[in-house]
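Colleague: return a 3D structure for these sequence lines:
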Amino acid sequence: MTREIERVAQIPVAQIATIVPIMLTVGANRIVPGVAIPHPVGNPEAGPEEDKKTRRKLVLRALKALQADISEQTIFES
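Modeller: Below is the predicted model of the structure:
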């Protein structure tokens, strides 16, 4: 789905996902690894402040991924 949005609508898409190999298999172009399957975009067990920092870090990484010029599938780990 993300590849089609990028191809047809020319809108970059960043996918935050916990199982990166699946995202590679389905063809996602910009992949941001998430935290864990039950909480891909946070870590509530770390407490509210640390969870907020984790979420912010992931969202900022996804925004950088959206701005990046890529020519192949890319994993944005940092």
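Colleague: how far out from the middle of the chain is the lowest-mean-pLDDT helix or strand in the chain?
Modeller: Lowest by mean pLDDT, DSSP states H and E among the helices and strands of the chain is helix 2-4, with a mean of 83. Averaged C-alpha coordinates place helix 2-4 at 14 Å from its chain's average position (Cα atoms, centre = their mean, to the nearest Å).
Colleague: ditto for stretch 24-44
Modeller: When C-alpha coordinates are averaged (Cα atoms, centre = their mean), stretch 24-44 and its chain have centres 5 Å apart.
Colleague: who touches that stretch?
Modeller: 2-3, 6, 12-20, 23, 50-51, 54-55, 58-59, 61-62, 65-66, 68, 70, 72-77 (Cβ atoms under 8 Å, 6 or more residues apart in numbering). Just so you know, the C-beta spots here come from the backbone N, C-alpha and C atoms, and that holds for glycine as well.
Colleague: so Arg55 is in which element?
Modeller: Here Arg55 sits within helix 48-67, counting by DSSP states H and E.
Colleague: next one: phi and psi at the residue lying farthest from the centre of the chain?
Modeller: The outermost residue of the chain relative to its centre, with distances by Cα atoms, centre = their mean, is Gly47 at 22.2 Å. Dihedral pair for Gly47: phi 100, psi 160, per degrees, to the nearest 10.
Colleague: and Ile75, by the same measure?
Modeller: Here is the backbone geometry of Ile75 (degrees, to the nearest 10): phi -100, psi 120.
Colleague: beta-bridge partners for it, please?
Modeller: Under DSSP bridges, the beta-bridge partners of Ile75 are Ile31.
Colleague: nothing else from me, thank you.
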